[in-house]
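Novice: one predicted model, sequence on top.
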Amino acid sequence: MSTIAFIGLGHMGAPMSAHLVAAGHTVHGVDLNPAAAAAAAERGVQIVSSVAEALDGADAAITSLPKPEHVRGVYGGIDGILAHAAPSTLLLDTSTVDVETSRWCHAGAQQRGLSFVDAPISGGTAGAEARTLTFMLGGGAADVERAREVVAPMAGNVIACGEAGAGIAAKLVNNMMLFISVMAVSEGSQLAEQLGLDPQVFWDVARVSSADSWALRTWYPVPGIVEKAAANKNFDATFSVELARKDCALAVQAGDDTGVHLPAARLALGQLDDLIAEGLGGKDCTLVARFASPDGTLRGYDPSRDGASAA
């Protein structure tokens, strides 16, 4: 079995690293949040105090971080991964970043004789817990094959997308389509209720009809329909508005860079911006269903329970 450094033990990283431990690997974990580190330790991750310590003797290093600036910070600098990784250590970033940041990681690794694979994931926290994540791999063929073995204990699907940056490009397009789907599911769920349809009956219809989607099956924004949906927990985040806004903005920027017109993605981005402007950035991204409600209220969401205003 291998020794794996895991940097970033949050909602995604904690269950992912735990699956690696369960598969027999030794996992050295790092996280700035003491609570996240403690939770990972309970699942068998050996917590260390620095990136350099995590990399000592590591066969692979995996990062799971919120934003591009965090990835650049962890990879760059005198205390970063690029400065301390051994040539034999395979580097994988599962974070959702812009294509330029991913290429920056690839270039920095290449300059130092290191192997890097962009390895973003899809499936959310539910997929991380169930080890059914989809990994989208970008990099040299030999490195991608090594990465395939590393991520297998966390994955339901592993897809080689192409050369450097292809994985993150696939992820940005995928997430853009997801947020557009969330907007469609939000509007459909509210219209169905206003038309007097039983929510469960309508979901059963949509699930086996042309309206079916991952968002409908996993994140349906009506309580009591999909067990793990945020609608059952006052829309506490499974995928926060702030992170969704980050991902959607990266996709819109990619559209600007390539000349592709993305009107639906811009609508989705605008709704996420509106939630953030209301102080709801920490809630679940499916709370955009509020904008389809006739009066702005949403069944399953009580703003008094989190101190936020839905006005």
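Specialist: That came in fine, so what should we check first?
Novice: what residues are up against Ile225?
Specialist: When contacts are counted by Cβ atoms under 8 Å, 6 or more residues apart in numbering, Ile225 touches 199-200, 203, 231. (C-beta placed from N, C-alpha, C; glycine too.)
Novice: for it, what are phi and psi?
Specialist: phi -110, psi -60 (degrees, to the nearest 10).
Novice: from Phe291, how far out is it?
Specialist: To Phe291, Ile225 is 19 Å away according to Cβ to Cβ, to the nearest Å.
Novice: CA atoms only for the worst-scoring helix or strand of the chain on mean pLDDT - export them in CSV, please.
Specialist: In the chain, the helix or strand scored least confidently by mean pLDDT, DSSP states H and E is helix 124-130, which has a mean of 91. C-alpha atoms of helix 124-130 as CSV (Å, rounded to 0.1, in the frame of the first residue of the first chain):
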residue,chain,number,x,y,z
GLY,A,124,-20.7,16.3,-4.3
THR,A,125,-20.5,15.4,-0.7
ALA,A,126,-22.9,12.5,-1.2
GLY,A,127,-20.6,11.0,-3.8
ALA,A,128,-17.6,11.6,-1.6
GLU,A,129,-19.2,9.7,1.2
ALA,A,130,-20.4,6.9,-1.0
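Novice: buried residues in it?
Specialist: Neighbour counts over helix 124-130 (16 or more other Cβ atoms under 10 Å) mark 124-129 as buried.
Novice: just curious, which of those is nearest to Leu90?
Specialist: Nearest to Leu90, judged by Cβ to Cβ, of these is Ala128 at 20.4 Å.
Novice: correct me, but that closest one touches Met154?
Specialist: Yes. Between Ala128 and Met154 there is a contact at 7.3 Å, judged by Cβ atoms under 8 Å.
Novice: shared neighbours, the two?
Specialist: Residues touching both Ala128 and Met154 (Cβ under 8 Å, 6+ apart): Met16.
Novice: what subset of the contacts of Ile225 is buried?
Specialist: 199, 203, 231.
Novice: now do the SS call for the second one.
Specialist: Classification of Trp203 using DSSP: H, G, I helix; E, B strand; the rest coil returns helix.
Novice: who touches Arg305 in this structure?
Specialist: Contacts of Arg305 (Cβ under 8 Å, 6+ apart): Asn234.
Novice: repeat that for Leu82.
Specialist: Leu82 touches 75-76, 108-109, 112, 114, counting by Cβ under 8 Å, 6+ apart.
Novice: hang on, the earlier thing: so what touches the least confident helix or strand of the chain?
Specialist: Residues from elsewhere that reach helix 124-130 (Cβ under 8 Å, 6+ apart): 11-12, 15-16, 121, 123, 133-134, 154, 156, 218-219, 228, 238-239.
Novice: for it, the distance to its chain's centre please.
Specialist: Here the centre of helix 124-130 is set off from its chain's centre by 10 Å, with Cα atoms, centre = their mean, to the nearest Å.
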